[in-house]
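K.L.:
pasting a predicted model and its sequence here:
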Amino acid sequence: MAHFGPADIDAEATRPPVDAPLIRTNKYAATCANCQQRVEPNAGILIRGESAWVVTHVQPCPEAPEDAPAPTNYNEILTKGTYTVVLDGTHTTIKIVRQAEDDDFMPGLLVIGYLSGSNNETDYTNFANVRSNGVANVWTKHRDNERLADVMRTLVGNIPAAREAYAIESSRCSYCNRKLTVPASVNQGLGPECARKV
């Protein structure tokens, strides 16, 4: 099953010299922007990039173990859409949107939110994003939320089930949110046009 966890990285990040401005020790564990390996708390450097803080190893990056799995590319797994995750008998609705390329907030990136109110169209609280290099970044104030972490692990482990669960609950396409009227489309979670896009 794919892992979903916090990482403070930026796809285009490079490691500036240690004496560069706006550098400090990383408070949280993260993924190194250079080698994609874990950096333990207070064991790396946190650098202010153009659009995000970036974590790297202090010394040259360690060599990855030969049996280390390749990093998960969430841009290859997740697409925009609305999903319902059934976990421990409860439902959590997740909405993923791709920001416009000219947006001031995380342009071009996937932003992930959960339904936090009664309006299924607008009441979402964003808690994470996917960087352009495919690494997931859970925002600081949500990193201790084990429920959200479990929901996301379940989602990325079985996207079709989450699409179907959303369509069954709402009778809407998980991709475009239009009304579904054909049972086969409800079972797939996608209308015929959207099924060709995903």
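P.N.:
Received the coordinates, thanks.
K.L.:
in this protein, what residue spans correspond to strands?
P.N.:
23-25, 30-31, 38-39, 44-48, 53-57, 81-87, 90-98, 110-115, 124-130, 136-138 (DSSP state E).
K.L.:
helices of this protein, start to end?
P.N.:
74-77, 146-157, 159-170, 183-188, 192-197 (DSSP state H).
K.L.:
right, so those: which one is the most enclosed?
P.N.:
Sort the helices of the chain by mean neighbour count, taking mean count of other CB atoms under 10 Å, and helix 159-170 sits at the top with a mean of 19. All C-beta atoms are positioned from the backbone trio N, CA, C, and that covers glycine.
K.L.:
sketch out the low-pLDDT regions of this structure for me.
P.N.:
Within the chain, the ranges that satisfy pLDDT under 70 run 1-22, 49-52.
K.L.:
from N42, how far out is A30?
P.N.:
Using CB to CB, to the nearest Å, A30 is found at 11 Å from N42.
K.L.:
looking only at neighbour counts, state which of the two leads.
P.N.:
Comparing A30 with N42 by other CB atoms under 10 Å, the one with more neighbours is A30, at 25 against 10.
K.L.:
distance of that one from L46?
P.N.:
Remark: distance between A30 and L46 (CB to CB) = 8 Å.
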